[in-house]
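1. predicted model and sequence follow; I will ask about them next.
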Amino acid sequence: MLRRRPSLIVFDLDGTLVDSAPDLARAIDEMLTRLGRPPAGEAKVRGWIGNGMPMLVRRALTGEHWPEADPEGFSQALALYMEIYEANLCHLTRLYDGALECLVALRQHPMNLACVTNKHSRFTLSLLKQLGIADYFDAVASGDQFTNNKPDPEPLLKTGERLGVRPADSLMVGDSAADAQAARRAGFMLACVPYGYHGGKGVDVLLPDLVLESLAELPAWVDSAPLQPMPEAVTG
């Protein structure tokens, strides 16, 4: 269970709040087709999502999960992919069941909500607006706005600093190893959803404090989590 009631809840985007794989995969396949390559298909692309668009394109071009270097033609392929994806940003992307219910309920709590994603800012806010959830967040942060992306803790730590909340009072909600590693390195509590883009390994191996079958369960868990005790008075 949660160790304390959070003052900040940070949500990942792709694979946590939204199922964007159909649109991401369609853009990857169109990119590959225009480059004279065979399409990858949605099932394969789902396993590539989670470490930002440059890595997604590297994986599509090489078929390797962790390519050691940029493949030939990478820059042109990335620009082409971003152009295609921007034109098809929210055709098939949908909120996961329970996501909107969760955000509506949490907005009734005295806490900060943020969306922190490795997605490029060229797409993040537009997608949130098209899905009708942009106004639920006190902060929205994208991968290109930081020196390092998740799994580095920088995006979480800087978002917490921006909102004036300590890491110990913050909760990361995500679906992948990148989310889990960023949370642990930042000193955040960690909740995971089992349905996202975790590569088929499940989320139990990420050792979260809480597994949510649906985001709709999160407000009740927040309500039941103990308030952080006041520090003991110093005597002397």
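-> Done, it's in.
2. what's whichever strand or helix holds residue 60 in contact with?
-> Using DSSP states H and E, residue 60 falls within helix 53-62. The contact list for helix 53-62 (C-beta atoms under 8 Å, 6 or more residues apart in numbering) reads 24, 28, 31-32, 37, 40, 45, 48-49, 64-65, 67, 70-71, 73-74, 77-78, 81-82, 85, 118-120, 143. Every C-beta, even on glycine, is put in place using the N, C-alpha and C of the backbone.
3. do the same with stretch 19-33
-> Contacts of stretch 19-33 (C-beta under 8 Å, 6+ apart): 13-15, 38-42, 45-46, 48-49, 56-57, 60, 77, 80-81, 84-85, 88-96, 127, 197.
4. ok now that stretch, how far from the chain's centre?
-> With C-alpha atoms, centre = their mean, to the nearest Å as the basis, stretch 19-33 stands 18 Å off its chain's centre.
5. so where's the protein uncertain?
-> Across the chain, the ranges flagged by pLDDT under 70 are 1-2, 200, 228-236.
6. domains of it?
-> 8-19+93-224, 21-87 (automatic domain parsing).
7. and the last one, end to end?
-> In this case it means domain 21-87. Here the two ends of domain 21-87 are set 15 Å apart, with distance taken as C-alpha to C-alpha, to the nearest Å.
8. cool, and the first one?
-> Here the two ends of domain 8-19+93-224 are set 16 Å apart, with distance taken as C-alpha to C-alpha.
9. gap between it and the chain center?
-> Chain-centre distance of domain 8-19+93-224: 5 Å, with C-alpha atoms, centre = their mean.
10. show me where the chain has helices.
-> 21-34, 42-46, 53-62, 74-87, 99-106, 121-130, 154-163, 177-186, 218-224 (DSSP state H).
11. surely residue 193 and residue 18 touch.
-> No - counting by C-beta atoms under 8 Å, no contact exists between residue 193 and residue 18, whose distance comes to 11.5 Å.
12. which neighbours do those two have in common?
-> residue 96.
13. the more surrounded of the two?
-> residue 193 (29 against 23; other C-beta atoms under 10 Å).
14. contacting residues for the more buried one?
-> By C-beta under 8 Å, 6+ apart, the neighbours of residue 193 are 15, 16, 96, 173, 174, 175, 203, 211, 212, 213, 214, 215.
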